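1. have a look at this fold, sequence not included:
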Ligand SMILES: [Zn+2]
């Protein structure tokens, strides 16, 4: 049997989170019993919402898979959403999420309401939505804040109506944020929290969701720590998230995706778009400093071309990436990522020039620790030549 679902229609960012809240628990519960078949999930992104076909008997079975997952992972979810890089929520908020996600009957009814498009509109959710609904918090909907408001209508002094949605929409979006977002923290003039969420337009199956889930669980923590440890070109600035423009940081995170995740994304008949938000201020009362949607399909194809030719994971180049960021050669780093995407010689040249001057400066260092970093960066720069050769000859 196949159950058809439409995400509620809260805009691309929130619907993408809800998509992951619906699909990744499934991959995890069923993955423990064996390989997740590709046909388990078919998802079609329209650019603003998603249509899903899930191979389960009925909405009740789908609800019970989500409920099982949440019951088992209760403490982990609560921990992740109340402290650390995703610690935007108070204990009370998370308890409400967990209650919704473990209420089998309520969740089944909710999922049934998704069998037609437009749940949000039918239920009277949205800006200034019905009083009984809950306010959607900013990390679940960055556009709900004053940021866009200020951007669009500079002089308006009217208070913005809060965006409201039912408890299940909010809870599934929070679950998706926990399962599928890539958070990073950086410290500059203030703490930055960058949250990146992969979205797509076109057709994707369960192999993508399963691979994304695996990458998230097995590998992301390591990159999270590495990105956070990157030093500053300026004093007092640490963490790549505080030093790179949001756009460059988003490309960098994509380049760290595992070869199997890149493969699954390249195989799908879909265009890929990263949704990135930069938050600042206290984590429990964050402000949105920037939001960007970035098309990364060409970068995914470029990385996939490298991996198909047997190149090791791009993430192995991290010592050089780090050296470039710490030397303030952000343009050189971006040029390299752009070269992987478009194979333009101009980008390759800009990268080579930035790398050369970075390595020359590092060479002058006398401290043994810094000499070691220089040696590593030089070796990685040679591997970049190999990358260039592979991409230019295919
Ligand atoms: Zn709802």
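-> Alright, I've got the coordinates. Every value quoted in this text rests on a predicted model; they were computed, and no experiment measured them.

2. check which helix or strand covers the closest residue to residue 309 other than its chain neighbours.
-> Excluding the flanking residues, the one nearest residue 309 by CB to CB, 6 or more residues apart in numbering is residue 390, at 5.2 Å. Glycine gets a C-beta too; all of them are placed from N, C-alpha and C. Following DSSP states H and E, one finds residue 390 within helix 368-392.

3. which strands and helices sit next to that helix?
-> Helix 368-392 sits against helix 297-308, helix 318-326, helix 330-342, helix 345-363, with contacts defined as 3 or more CB pairs under 8 Å, 6 or more residues apart in numbering; DSSP states H and E.

4. next, count neighbours for the residue nearest to residue 309.
-> 15 (other CB atoms under 10 Å).

5. return the residues in contact with it.
-> Going by CB atoms under 8 Å, 6 or more residues apart in numbering, residue 390 touches 305, 306, 309, 311.

6. repeat for residue 212
-> Here residue 212 is in contact with 24, 180, 198, 261, 264 (criterion: CB under 8 Å, 6+ apart).

7. now list the buried members of those residues.
-> 24, 180, 198, 261, 264 (16 or more other CB atoms under 10 Å).

8. list the buried residues in the helix holding residue 390.
-> Buried, per 16+ other CB under 10 Å, within helix 368-392: 373, 374, 376, 377, 378, 380, 381, 384, 387, 388, 391.

9. and for stretch 24-42?
-> For stretch 24-42, the neighbour count (16+ other CB under 10 Å) marks 24-31, 36, 38, 40-42 as buried.

10. give me the neighbour count for the residue nearest to residue 71 when sequence neighbours are not counted.
-> Leaving aside its chain neighbours, residue 71 sits nearest to residue 102 (5.7 Å; criterion: CB to CB, 6+ apart). Neighbourhood size, residue 102 [other CB under 10 Å]: 18.

11. try the one 5 residues further on
-> Around residue 107 there are 23 other residues, counting by other CB under 10 Å.

12. check which helix or strand it maps to.
-> Per DSSP H and E: residue 107 is located in helix 104-113.

13. now do whatever helix or strand comes next after that helix: distance to the chain's middle.
-> Going down the chain from helix 104-113, the next helix or strand is helix 119-122, by DSSP H and E. From the chain centre to the centre of helix 119-122 is a distance of 26 Å (CA atoms, centre = their mean, to the nearest Å).
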